[in-house]
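**Q** Build me a structure from this.
(one chain, ligands or ions: 1)
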Amino acid sequence: MKLIGSNTSPYVRKARLVLLEKSIPHTYVVDPPSEPASQVYSVNPLGRIPALILDDGTCIFDSPVIADYVDTLNDTPILVPRNDALARMRVKRGEALADGIMDSAIVVRMERIRPPEKQEQGNIDMHNLAVTRALAHIAGQLGQREWCEGSSITLADLALVSALAYLDLRQPERDWRSTHPNLAAWFSRLSARPSVQTSLAG
Ligand SMILES: N[C@@H](CCC(=O)N[C@@H](CS)C(=O)NCC(=O)O)C(=O)O
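**A** I've put the predicted structure just below:
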């Protein structure tokens, strides 16, 4: 299978982390939609990354669908609980929260690259506040636990790593480590995993 993406997209990082954590053989191709000739336009009508192309040509998007599908390919590890409905919901809710941080951080990024006179400060503030609230909520829930949900790594952890790495990339001025030292320690530990190291290396 082939994953089309870019090294800056947090959604792509999440999809890559799922593939890497589960040791699923794949080819990673950097081919962002910012390139008019990107192959993503011929496989995903939305023209968005990540797009996962299976060997039979089936294209899967978007990142929650990719993650959910890839997780079913083997059990090592199971990243989305399968039989416990409440546990499954919690992991997917954690993913949604991290995805929401990505969504808001991207809105802020898109505003900030517009000419200053065209930037909507109200929109920037609203989305930054959503990120701030989400981080506080996550840090409060995490406490000193090792994983976001349950007793082993899940998709919620991989999504959160991707969201935090994106904040570091696009909002380096946001000092979330000082505000949430427990989250900082958690992120530092997760960042040492080979999957995260590989994804951060490009
Ligand atoms: N909800 C989608 C969001 C995907 C998305 O918005 N990807 C961005 C890159 S971060 C994209 O492809 N944008 C189109 C563009 O860059 O032109 C997912 O989870 O996969």
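**Q** Tell me how this protein divides into domains.
**A** 2-71, 85-193 (automatic domain parsing).
**Q** which one of these lies closest to residue 200?
**A** Taking Cβ to Cβ, domain 85-193 is the member of those nearest to residue 200, at 6.7 Å. Using the backbone N, CA and C atoms, a C-beta is placed for each residue, glycine as well.
**Q** tell me the average confidence for that closest one?
**A** Computed over domain 85-193, the mean pLDDT rounds to 98.
**Q** Figure out the length between the terminal residues of that domain.
**A** Start and end residues of domain 85-193 are separated by 28 Å (Cα to Cα, to the nearest Å).
**Q** same check, this time on stretch 105-119
**A** 15 Å.
**Q** Residues contacting stretch 170-179, please?
**A** For stretch 170-179, contacts defined as Cβ atoms under 8 Å, 6 or more residues apart in numbering pick out 105, 108, 109, 131, 135, 136, 139, 164, 167, 183, 184, 187.
**Q** try it again with 7 Å
**A** Residues outside stretch 170-179 that contact it (Cβ atoms under 7 Å, 6 or more residues apart in numbering) are 105, 109, 135, 167, 183, 184.
**Q** still on that earlier bit, in a markdown table, list the domains of the chain along with distance to residue 77 and mean neighbour count.
**A** Below are those laid out as a markdown table (distance: least, Cβ to Cβ, whole Å; neighbours: other Cβ atoms under 10 Å):
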| stretch | distance to residue 77 | mean neighbour count |
| --- | --- | --- |
| domain 2-71 | 7 | 18 |
| domain 85-193 | 6 | 16 |
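**Q** between the ones you listed, which one is nearest to residue 202?
**A** domain 2-71 (4.9 Å).
**Q** Can the closest one be said to contact the ligand?
**A** Yes. Using Cβ under 6 Å from any ligand atom, we find that domain 2-71 touches the ligand at 9, 11, 33, 34, 48, 49, 50, 62, 63, 64.
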